[in-house]
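J.: pasted the sequence and its predicted model underneath.
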Amino acid sequence: MTIPPPETPLYNHPLPEIEQWLKVQGCQQDETELHCWRVEKPAWKAELWLDIDQITVRYLNAGENGQDIQRSFKYSLSRRDIEEAVFSGP
């Protein structure tokens with residue numbers, strides 16, 4: 001199975017391809033809650049949830065006073081747009 005081009009909306013990607021894409025980005029899947037993923041970069045760390053119609057990202061301790069920052073991105077966005085938004089950090 002070939003992954004669709006980066007300009008393709010994420011909802012047109014098969015779930016195994018989305019999971020592989022997250023792994024390539026350095027994410028690790030939770031062993032008990034399979035829709036949850038974690039990623040840690042040098043400057044930030046986050047939790048991601050694959051919800052029904054969107055990806056929700058919570059950047060941990062990234063806001064003022066160490067608060068978490070949460071954002072959601074609809075699957076109608078392209079894989080490239082979501083990648084740039086999520087993995088550029090908070």
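T.: On my side now, so go ahead.

J.: now the spatially most central residue of the chain: how far from Asn12?
T.: The C-alpha lying nearest the average C-alpha coordinate of the chain belongs to Leu48 (Cα atoms, centre = their mean; 5.2 Å). Leu48 sits 19 Å away from Asn12, going by Cβ to Cβ, to the nearest Å. The C-beta positions use only the backbone N, C-alpha and C, and glycine is treated the same way.

J.: hang on, Leu22 packs against Trp37?
T.: Yes - the criterion here is Cβ atoms under 8 Å, and Leu22 meets it with Trp37 at 5.4 Å.

J.: now do the residue lying farthest from the centre of the chain against Ala46, distance only.
T.: Within the chain, the residue lying farthest from the chain centre (Cα atoms, centre = their mean) is Asn65, at 24.0 Å. Computed as Cβ to Cβ, the Asn65 to Ala46 distance reads 18 Å.

J.: got it, and Gln28?
T.: From Gln28 to Ala46 the distance is 12 Å (Cβ to Cβ).

J.: of those two, give the one with the bigger neighbour count.
T.: Neighbour count, other Cβ atoms under 10 Å: between Gln28 and Ala46, Ala46 has more, with 23 against 12.

J.: can you measure across stretch 8-17, start residue to end residue?
T.: Distance between the boundary residues of stretch 8-17 (Cα to Cα, to the nearest Å) amounts to 12 Å.

J.: what mean pLDDT does that stretch get?
T.: Mean per-residue pLDDT for stretch 8-17: 92.

J.: what's the answer for stretch 35-51, then?
T.: pLDDT averaged over stretch 35-51 gives 96.

J.: now it: buried residues?
T.: Going by neighbour count (16 or more other Cβ atoms under 10 Å), the buried part of stretch 35-51 is Cys36, Trp37, Val39, Trp44, Ala46, Glu47, Leu48, Trp49, Leu50.

J.: just the helices in the protein please.
T.: 15-24, 79-87 (DSSP state H).

J.: right, I'll leave it there.
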